[in-house]
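**Student:** Give me coordinates for this.
(3 chains)
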Amino acid sequence: MSFLAITRATLAKDVRLEWRSKDAINSMLFFALLVVVIFSFSFDPTAEESRRIAGGLIWVAFLFAAVVALNQTWARELRNQVLDAYRVSPAPANPLFLAKAFGNFIFVGVLEAVMTPLFIAFYKLRALGPAWELAPIAALGTWALVVNGTFFAAMSLRTRSREIMLPLLLFPLSIPALLGMVNATTAVLTGEESARFWIALLVAYDVVFTIACLLLFETVLEAE
Amino acid sequence: MVEGESTSGVVVVNELIKQFGGFAALRGVTAEFAAGKLYVILGENGAGKTTLLRTIAGLAQPTRGTISVLGVPIVKQVCSQIGYMAHPSLLYDEMSGMENLTYFAGLYGIGTSRCREVISAVKLDPDLARPVGQYSQGMRQRMSLVRALLNDPMLLLLDEPFSNVDSRSAQEMTALLAQLRDRGKTLLVVTHQPGLLESVADEFVWMEQGKIVDRTSRLRAGMP
Amino acid sequence: MKRGFPILAIITGLLLSFALYEALIAAPTEQTMGNVQRIFYYHVPSAWTAFLLFLINFVASVTYLIRRDVKADILALTTAEVGVVFCTVVLVTGPIWARPVWGIWWTWDLRLTLTLVLWLIYVSYLMLRRFSTSGQTPVLAAVLAIFGALDVPLVYFSIWFFRTQHPSPVIGGGGSLDPRMAHVLLINWAAFLCLAWLLCWTRYQLELVKREIEDAQARESLVEGTR
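**Tutor:** From the prediction side, this is the model:
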């Protein structure tokens, strides 16, 4: 099967598996809700201040939800050593990576879709800048977290304390992306500055690291 | 299939050494395995049997020494000719047998009709709609064997295929393995129950502490 | 150790002493900040040294991935460890300087923030090396080092732009430098480079010996079959 066909088949399989083990989705959704509520209790500002810090709050909340989601997508491949079956086949490594990354993107996207209306409600948010820009910001920012997150989750498979290694490796490298996401969102919410530079930064980050991940994933997968 | 010299076997290993840190799982294995033969690999736990199979399958890289499968030193190039089955099922518990097979067949570029062929060859219960996690151990092992046979491999690597399998299933699997051998395939079977294969095996390969210590054509009385 | 080592050790000792004298006594006192400013001669050269070490780490990591040469891996490990040490010096001297001068412990200025992020990346690198259970830890570490190197320009530009939007005090001064101070700065940098070289050399030899012992033990286990 072609590269694209294998990616599609693997993604379809993952979505199907995720859907069938509804426990995982339900607990993740509930976790996402809890994060928003905790943040609301911890940071309870007036409507004006909230616009300034909401960008940061939202993305930190997404970051924590993403880490919990990222940790478990590779866990499924370790049960019954199923990953061996993929590695033994002639299928190349990159369709596996892309399928996992897209799957995580969808998964984290669903979590974000649940958390965002709650944030808007609790913080009485309204975008004073061009609101449509929030869509590319959300997409680019989520991909930035997910592409490196999928890669380092795979790397963590080869370490002790797997669950803590993922954030340890992911967070430092994600700092420029985090700056981008947060400042772009804040720029749009406050309408005080243009988000254009930050969006460009996110595009650069996504391009650089997507290429790096695709070039180096096979090396990491085979590093037993 | 890649044509090798007439004198070289399907699998040729020379002074194969595999070390995990300070522990040497394989301490210099030299052997040749020919086409159209069924080899039973025996030894205590920790003798290196699983490591040998995994190295031949391309899942582990040798620390030193050479390995050549089907005349080629890089296993990945001929992996479409290799079938691998291990003690864990290498299947997704939440998907049905057919869904599992369709997915893995796709990795080899094989369609669903071939899946059905192999299923009937293995005489599997056609109730494939249930999730694999609900199968009996015997059914699961046979499903795992089907997965390994999907690509009609020249070389079959089976690690503990009879583990926890009922005697009827075991007999049927033994008959099937003999048929595959008669069709010219090479089978390397690691098992703690060599008695099951006594009537069909061509050679018994005894391993101890990472080396092959003996190769016999009959199972000695009194050996485990 | 080769004969060059004691010579290097002596030179380092001499340079450091001379640099100390220059920094604390000979250099002119800064106009506005007074003697506190002298920490500049430790803060800035440490940063430059750390960045140089991390650059060497990047080159060694790429070399390792291409050639799988064990020496490249040992060099990568060594420069990462010593680099983290010098980075820590930067992160500690920064607040020590900032507090008496500006009354704040920290400022998100470009150099300090970049140093902090590099410190975080390389600490995570060292943790990966420690926590890895793979037989191919050097490969994983090299991959992480490459990701870190790719990240650096992105970190730089993101902080630079953020600073232009939200200016704040710059630790280390932005303006021009008195040539006598530049002179002392360079002497200190030379001394720090020698110290870094000395530390790396020692660590490298230590790691080399450690690996030779491990190899010998592995060879023994091959022969005896004991675990």
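**Student:** residue ranges with poor pLDDT in chain B?
**Tutor:** Judged by pLDDT under 70, chain B has its weakly predicted residues at B:1-8, B:22, B:125-127, B:221-224.
**Student:** Close to chain A: what parts of chain C are there?
**Tutor:** Residues of chain C found near chain A (C-beta under 8 Å from any C-beta of the partner chain) are C:65, C:117, C:120-121, C:123-124, C:127-128, C:131-136, C:139-140, C:143-144, C:146-148, C:150-151, C:154-155, C:157-159, C:161-162, C:165. Every C-beta, even on glycine, is put in place using the N, C-alpha and C of the backbone.
**Student:** same question for whichever helix in chain C runs longest, mean pLDDT?
**Tutor:** When chain C is parsed with DSSP state H, its longest helix is helix C:179-224. Computed over helix C:179-224, the mean pLDDT rounds to 88.
**Student:** so what's the backbone phi/psi at the closest residue to B:S136 other than its chain neighbours?
**Tutor:** Among residues not flanking B:S136 along the chain, B:D166 sits closest, at 7.8 Å (C-beta to C-beta, 6 or more residues apart in numbering or on different chains). Here is the backbone geometry of B:D166 (degrees, to the nearest 10): phi -70, psi 160.
**Student:** picking up where we left off before, packing partners of the longest helix of chain C?
**Tutor:** Counting contacts by 3 or more C-beta pairs under 8 Å, 6 or more residues apart in numbering or on different chains; DSSP states H and E, helix C:179-224 is packed against strand B:11-20, strand B:23-33, helix C:4-21, helix C:40-67, helix C:70-102.
**Student:** Please compute how far the last one lies from its chain's middle.
**Tutor:** On the basis of C-alpha atoms, centre = their mean, to the nearest Å, the separation between the geometric centre of helix C:70-102 and that of its chain is 4 Å.
**Student:** Give me the buried stretch members for that helix, please.
**Tutor:** Across helix C:70-102, burial judged by 16 or more other C-beta atoms under 10 Å in any protein chain shown covers C:72-84, C:86-87, C:89-91, C:93-94, C:97-98, C:101.
**Student:** I figured C:V90 was touching C:T49, is that so?
**Tutor:** No - here C:V90 does not reach C:T49: they are 9.1 Å apart, not a contact under C-beta atoms under 8 Å.
**Student:** Now do the contacts for A:I199.
**Tutor:** The neighbourhood of A:I199, defined by C-beta atoms under 8 Å, 6 or more residues apart in numbering or on different chains, consists of A:133, A:136-137, A:140, A:180, A:184.
**Student:** How about B:T112?
**Tutor:** The contact partners of B:T112, by C-beta under 8 Å, 6+ apart, come to B:98, B:101-102, B:105.
**Student:** if you set the cut-off to 7 Å instead, what comes out?
**Tutor:** Taking C-beta atoms under 7 Å, 6 or more residues apart in numbering or on different chains as the contact definition, B:T112 lies against B:102, B:105.
**Student:** what's the pLDDT at C:M1?
**Tutor:** So, for C:M1, pLDDT stands at 59.
**Student:** One more: A:P45?
**Tutor:** Per-residue confidence (pLDDT) for A:P45: 66.
**Student:** Where does B:D214 sit: helix, strand or coil?
**Tutor:** What DSSP: H, G, I helix; E, B strand; the rest coil gives for B:D214 is strand.
**Student:** so it touches B:W206, yeah?
**Tutor:** Yes - assessed by C-beta atoms under 7 Å, B:D214 is found in contact with B:W206 at 4.2 Å.
**Student:** Which one's more surrounded, those two?
**Tutor:** Per other C-beta atoms under 10 Å in any protein chain shown, whichever of B:D214 and B:W206 has more neighbours is B:W206, with 18 against 12.
**Student:** can you give me the helices for chain B?
**Tutor:** Applying DSSP H to chain B gives helices spanning B:49-57, B:97-107, B:112-121, B:137-149, B:167-182.
**Student:** Figure out how far the longest helix of chain C is from the centre of its chain.
**Tutor:** That offset, for helix C:179-224, works out to 12 Å (C-alpha atoms, centre = their mean).
**Student:** how much space is there between the spatially closest residue to C:A47 that is not a sequence neighbour and B:T102?
**Tutor:** Once flanking residues are discounted, C:A47 sits nearest to C:V90: 4.7 Å by C-beta to C-beta, 6+ apart. Note on C:V90: its distance to B:T102, by C-beta to C-beta, to the nearest Å, is 57 Å.
**Student:** Same question for C:A23.
**Tutor:** Where B:T102 is concerned, C:A23 sits at a distance of 72 Å (C-beta to C-beta).
**Student:** ok, back up a step: out of the helices of chain B, nearest to C:Q31?
**Tutor:** Between C:Q31 and the helices of chain B, the tightest spacing by C-beta to C-beta is seen for helix B:49-57, at 69.8 Å.
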